[in-house]
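K.L.:
Give me a 3D structure for the following:
(one chain, ligands or ions: 1)
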Amino acid sequence: MKCDPRLPTKDRMDQTTCPPRIPRIGEQAPAFEAETTHGVLRLEDFKGSWLVFFSHPADFTPVCTTEFLAFAEIHATLREKGCELLGLSIDSVFSHIAWVRRIEEVFGAKIEFPIVADLSRKVAELYGMLMPGESGTEASRSVFVIDPAQVVRAVIWYPLTTGRNMDEIVRLVDALQTTDAHKVGTPANWRPGDKVIVPAPRTQEAAQERVAAGGPDCVDWFYCKRSL
Ligand code: BEZ
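P.N.:
Have a look, this model is predicted:
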């Protein structure tokens, strides 16, 4: 039986010759249970909340430390939006504990979100977090934005050497929540408070109606914005 790349990893026939693949936007986020710095947690424990689930390459490394300080800074903001934060690396829970304690000692920052200790790589492989071309031992910098129904809504990837932009992660959560609440799109560089994109018409008749209605926010039949 051949590997069918369209199937989620868990449904592939041959798990040994068929490599895990990255969960795609619109798919159910793969379920897991794992040891974390807050005890054993399951993905299901986050049902009903938005979740930013991210991997970092390794504890006690400089770029990752800058990221943890930055994740700690956005943690309260995300929670106000009903969004939890969960980290992961291929390190032991003891390493995670020692690192977050050291971050607090050196930088005075409390890391209050849980971190998966994925020494077995089970969760990293389920989410395709390992990029063997980049590193055989460290997870790359992935971000999965998972909605309250546990559907993957966005995926971001960064290489080992580049720290992520926290403003963009918060902006992404805002954009997805705005889309869900108002059935609109969000333009490039959108920020909360900016005008949003009215979905383009999908029939000639609807396009004609859009042109007839006109208005300053409709530049053309397919390009209309509005305030919320
Ligand atoms: C870092 O966080 O500094 C780092 C981690 C793994 C590879 C390269 C850099």
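
K.L.:
Show me where the protein has its helices.
P.N.:
62-80, 93-107, 122-126, 166-182, 204-213 (DSSP state H).

K.L.:
want to try a markdown table for the ones you listed, with mean neighbour count, mean pLDDT and distance to the ligand as columns?
P.N.:
In short, each C-beta sits where N, CA and C put it, glycine included. What follows is the helices of the chain, written out as a markdown table (neighbours: other Cβ atoms under 10 Å; pLDDT from 0 to 100; distance: least, Cβ to the nearest ligand atom, whole Å):
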| stretch | mean neighbour count | mean pLDDT | distance to the ligand |
| --- | --- | --- | --- |
| helix 62-80 | 16 | 98 | 3 |
| helix 93-107 | 15 | 98 | 11 |
| helix 122-126 | 19 | 95 | 14 |
| helix 166-182 | 17 | 98 | 15 |
| helix 204-213 | 12 | 93 | 49 |
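
K.L.:
As TSV, those with distance to residue 148 would be great.
P.N.:
Converted to TSV, the helices of the chain look like this (distance: least, Cβ to Cβ, whole Å):
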stretch	distance to residue 148
helix 62-80	14
helix 93-107	26
helix 122-126	20
helix 166-182	9
helix 204-213	31
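
K.L.:
Now for the residue nearest to the spatial centre of the chain: which residues touch it?
P.N.:
Nearest to the mean C-alpha position of the chain, by Cα atoms, centre = their mean, lies residue 144 at 2.4 Å. Counting by Cβ atoms under 8 Å, 6 or more residues apart in numbering, residue 144 touches 23, 29, 51-54, 127, 152, 154-155.

K.L.:
repeat for residue 98
P.N.:
Contacts of residue 98 by Cβ under 8 Å, 6+ apart are 59-60.

K.L.:
Which residue, other than its chain neighbours, is closest to residue 25?
P.N.:
Once flanking residues are discounted, residue 25 sits nearest to residue 152: 5.6 Å by Cβ to Cβ, 6 or more residues apart in numbering.

K.L.:
what's the burial count for the one you found?
P.N.:
By other Cβ atoms under 10 Å, 20 other residues sit near residue 152.

K.L.:
Who does it form a beta bridge with?
P.N.:
Assessed by DSSP bridges, residue 152 has beta-bridge partners residue 146.

K.L.:
could we number from 22 for the rest of this?
P.N.:
Yep, numbering from 22; the last one is residue 173 now.

K.L.:
Need the pLDDT of it.
P.N.:
pLDDT recorded at residue 173 is 98.

K.L.:
can you give me phi and psi for the closest residue to residue 42 other than its chain neighbours?
P.N.:
Excluding the flanking residues, the one nearest residue 42 by Cβ to Cβ, 6+ apart is residue 149, at 5.4 Å. Backbone geometry at residue 149, expressed as degrees, to the nearest 10, gives phi 60, psi 30.
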